[in-house]
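# Just the structure for this:
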Amino acid sequence: MAEKVKIHVLGTSSAVPTERRSHIGMLVSYKENNFLFDCGEGTQRQMRLAKLSPCKIDKIFISHWHGDHILGLPGILQTMALNGYNETLEIYGPKGTKEKMADLLNLHMKRYFNWSKHIGCNFDIKVFEQSSGNIIENNEFLVDCLETEHGCNCLAYSFTVKEKSRLNKEKLEKLKLPNGPLVGKLAKGETIEYKGKKIDGSKLVYVEEKKKFCYISDTGYFDGLINFAKDSKVLISESTYSVEESELAEKHYHLTSGIAAEIAKKSNSKSLFLTHFSQRYSEIPHILEKEAKKVFLNTKALEDFDVIEF
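The predicted structure follows:
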């Protein structure tokens, strides 16, 4: 059975949190990997309510350094330090992230970290500054980013589980083969002989399609967003403004619900989830959802603590 990607939505508000919505943040889990995308004020509290542990985070991806996306960082790092986190935490962000991380740690956390000693007094932190392109790649998955247009250094991110060939375990169990080289040959699609019978490995192998999650944070529209989101199974996009507020959206480098839907449609995405709502839409996100559905039907306005699995 294929391993699923699980996305825990921790906050869906924009600049001002509301009673219903916390600042933006989401935890993406795949196998033993736990990636936090943005860390707005209250993120660790939201994690506690969702019964998630900050000490299981191994990478944090910051879209940009506006307060509603990073003000939860000091608290979550302090909690990790106080609870004996002993891994190397990797933090990725746009140009300027190293300087801002140094400022943050020197201002709030000298008790827990020694910046002059490669940060890491309680645990090591490695900070990486990114521009558009590939960030991480291994045999299992890859993480890419794209510079966006928000009047500051800002990134969109995508996380893709690679296409892979797998053995059908149910069929394999019926053959009652011992673990060893024969199973390895079947996994490559080769034909083997076992107890006088030939077994065609190609009939036991199936292809597990790639799975892509794309997160478009604060940005004005530009054509590059469509290619970046191409073939996403899950596209999570900011939707700060309604269609009627397109001039405001353009002025402040944000997206409307309608433009988010256009990106989903033109990128051949399978599903669209709206987030980063202005406080005036906090209680009535159905307005934005309805607008988007006119363009892209498979749209949902996210709520704090929603969980997406694919």
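
# where's the longest helix seen in the chain relative to the chain centroid, distance-wise?
Counting by DSSP state H, the longest helix found in the chain is helix 97-108. Going by CA atoms, centre = their mean, to the nearest Å, the spacing between the C-alpha centre of helix 97-108 and its chain's C-alpha centre is 23 Å.

# Over to stretch 15-28?
Its chain's average C-alpha position is 15 Å from that of stretch 15-28, according to CA atoms, centre = their mean.

# go on, stretch 2-18?
Worked out by CA atoms, centre = their mean, stretch 2-18 lies 9 Å from the chain centre.

# quick one, what contacts the closest residue to Ser13 other than its chain neighbours?
Closest residue to Ser13 apart from its sequence neighbours, by CB to CB, 6 or more residues apart in numbering: Arg21 at 3.8 Å. C-beta here means a position set from N, CA and C on the backbone, and glycine is covered the same way. For Arg21, the residues meeting the contact criterion (CB atoms under 8 Å, 6 or more residues apart in numbering) are Gly11, Thr12, Ser13, Phe277, Ser282, Glu303, Asp304.

# give me that answer again for 6 Å
Contact partners of Arg21, counting by CB atoms under 6 Å, 6 or more residues apart in numbering, are Thr12, Ser13, Ser282, Asp304.

# what's the answer for Glu262, then?
Contacts here follow CB under 6 Å, 6+ apart; on that basis Glu262 touches Val295.

# helix or strand for it, which one?
Counting by DSSP states H and E, the secondary-structure element that holds Glu262 is helix 257-266.

# Going by neighbour count, list what's buried in that helix.
Buried positions in helix 257-266, judged by neighbour count with 16 or more other CB atoms under 10 Å: Ser257, Gly258, Ile259, Ala260, Ala261, Glu262, Ile263, Ala264, Lys265, Lys266.

# The third one contacts Thr219, doesn't it?
Right, the one you point to is Ile259. No - Ile259 lies out of contact with Thr219 (CB atoms under 6 Å); the separation is 10.0 Å.

# need the helices for this protein, in chain order.
In chain order, the chain shows helices spanning 43-49, 67-70, 73-82, 97-108, 169-175, 181-187, 224-228, 246-251, 257-266, 286-293, with DSSP H as the criterion.

# Pull out the buried positions in the fifth one.
Buried residues in helix 169-175, defined by neighbour count with 16+ other CB under 10 Å: Leu172.

# Tell me how far that helix lies from the chain's centre.
Helix 169-175 has its C-alpha centroid displaced from the chain centroid by 35 Å (CA atoms, centre = their mean).

# Repeat that for the second one.
Its chain's C-alpha centre lies 16 Å from the corresponding centre of helix 67-70 when counted by CA atoms, centre = their mean.

# And for the third one?
Taking CA atoms, centre = their mean, one finds helix 73-82 lying 20 Å from the centre of the chain it belongs to.

# Need the per-residue pLDDT for Ser63.
At Ser63 the predicted local confidence, pLDDT, stands at 98.

# Run through the residues that contact it.
Ser63 neighbours (CB under 6 Å, 6+ apart): Asp38, His69, Cys154, Leu155, Ser217.

# Can you tell me which of these end up in strands?
Asp38, Leu155 (DSSP state E).

# which stretches of the stretch 101-250 of the chain aren't confidently modelled?
Within the stretch 101-250 of the chain, the stretches falling below the threshold (pLDDT under 70) are 108-122.

# all strands for it, in order.
In the stretch 101-250 of the chain, the strands defined using DSSP state E, counting those that start in this stretch lie at 125-130, 133-137, 141-147, 155-161, 164-167, 191-194, 197-200, 205-208, 211-216, 234-238.

# Okay, now the sheet partners of the first one, with direction.
Within its sheet, strand 125-130 is paired with strand 89-94 (parallel), according to DSSP bridges.

# most neighbours, which of the contacts of Arg21?
Each of the contacts of Arg21 was scored by neighbours using other CB atoms under 10 Å; the highest score is Thr12's, at 31 neighbours.

# could you measure it against Lys6, distance?
Taking CB to CB, to the nearest Å as the measure, Thr12 falls 17 Å from Lys6.

# do the same with His150
Looking at His150 against Lys6, where the rule is CB to CB, the gap reads 28 Å.

# between the two, which one's more packed in?
Between His150 and Lys6, counted using other CB under 10 Å, the more crowded position is His150 (20 against 14).

# Isn't the more buried one up against Ser217?
No - between His150 and Ser217 no contact is recorded; they are 7.8 Å apart, counting by CB under 6 Å.

# So which bits of stretch 242-262 are buried?
Along stretch 242-262, the positions that meet the burial threshold by neighbour count (16+ other CB under 10 Å) are 242-243, 245-246, 249, 253-262.

# err, stretch 143-155, not the other one
Val143, Asp144, Cys145, Leu146, Glu147, Thr148, His150, Asn153, Cys154, Leu155.
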